[in-house]
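>>> Fold the following for me, if possible:
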Amino acid sequence: MILRKHIISAFPAILLALAAACPQAAAAQAGPAMAVPGAPSVRVQTGKAQPNQVPGQAVVNTPKPEDEVYTYQSAGRRDPFLPLIYTAKQAQEKQKSQLRIPLEQYEVSKMIIEAIVTGPGIPSYALVRLPNGKHYTLVKGSVVGVNKGRVVEITPDDVVVRETVTDLTGKKSTHETILKLRKEEE
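Model prediction:
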């Protein structure tokens, strides 16, 4: 009997110790009459249970900070699953291919001169056919070829293109390519 009195008188101290260890469990045990400072509010669900809840189970209402909504925008960012070096090289090649005009997408030696127009008092023009079958007009100073060569001279019989090429050792050299006008056989 004396032992029972000591346990009953020590019950509030046990609840406080429980509250210090686990505020949610202590508040659930204490019920609505005993609130623990700093602990979230707890209410016991009676009656009809929610879909994911057992009847009689305590529902903890934790104070929520304002909901932050974060949306990831991938536009303009690199793919995080690709290596950095590969991505840099790929981006560089993609940029080069996108910025090139059709005359810069083919080797100069693959271009065919179809016609040349020259005359006194007018600039010279050359009609060139690319490997894709399309025709373009060249004038002195036009940029052509994958090495960004320039048309330096247009004569009645040929077009001279000067290119600066970097070889495997990294040495730059300048060479000229002469594109001859195709003559029709008579």
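>>> and the protein, what are its domains?
Per automatic domain parsing, the structural domains of the chain span 2-61, 98-180.
>>> Which of those has the lowest mean pLDDT?
The stretch with the lowest mean pLDDT among these is domain 2-61, at a mean of 56.
>>> Now do the helices in the chain.
Here the chain has its helices, by DSSP state H, at 2-21, 23-30, 84-99.
>>> number of nearby residues for S74?
Per other Cβ atoms under 10 Å, the neighbour tally for S74 reads 8. Every residue, glycine included, has its C-beta placed from N, CA and C.
>>> pLDDT score for it?
Looking at S74, the pLDDT reads 84.
>>> what sits against it?
By Cβ atoms under 8 Å, 6 or more residues apart in numbering, the contact list for S74 is empty.
>>> For it, give its distance to R129.
Between S74 and R129 the computed distance is 42 Å (Cβ to Cβ, to the nearest Å).
>>> cool, E68 as well?
Separation of E68 from R129 (Cβ to Cβ) stands at 61 Å.
>>> Who has more neighbours out of these two?
Neighbour count, other Cβ under 10 Å: between E68 and R129, R129 has more, with 16 against 5.
>>> got a list of what the residue lying closest to that one once chain neighbours are set aside touches?
In this structure, R129 finds its nearest non-sequential neighbour in I112, 4.7 Å apart by Cβ to Cβ, 6 or more residues apart in numbering. Shown in contact with I112 (Cβ under 8 Å, 6+ apart): V128, R129, L179, R182.
>>> Looking at those, which are in strands?
Judged by DSSP state E, the contacts of I112 include V128, R129, L179 as members of strands.
>>> which one of these is nearest N147?
Nearest to N147 out of the ones in strands among the contacts of I112 is L179 (Cβ to Cβ; 14.6 Å).
>>> Please report the distance of that closest one from V144.
Using Cβ to Cβ, one gets 9 Å for the distance from L179 to V144.
>>> residue boundaries of the strands in this protein?
Listed in chain order, the strands of the chain (DSSP E) span 41-44, 58-61, 112-119, 122-129, 135-138, 143-144, 149-154, 158-166, 172-180.
>>> Quickly compare those and say which is most buried.
Comparing those by mean neighbour count (mean count of other Cβ atoms under 10 Å), strand 143-144 ranks first with a mean of 21.
>>> counting contacts, what elements does that one pack onto?
Applying 3 or more Cβ pairs under 8 Å, 6 or more residues apart in numbering; DSSP states H and E, one finds that strand 143-144 contacts strand 149-154.
>>> Report all helices and strands that the strand it packs on contacts.
Against strand 149-154 (3+ Cβ pairs under 8 Å, 6+ apart) you get strand 122-129, strand 143-144, strand 158-166.
>>> Please enumerate residues in contact with it?
So strand 149-154 is contacted by 108, 116, 118, 124-126, 138-144, 159-164, 176-177 (Cβ under 8 Å, 6+ apart).
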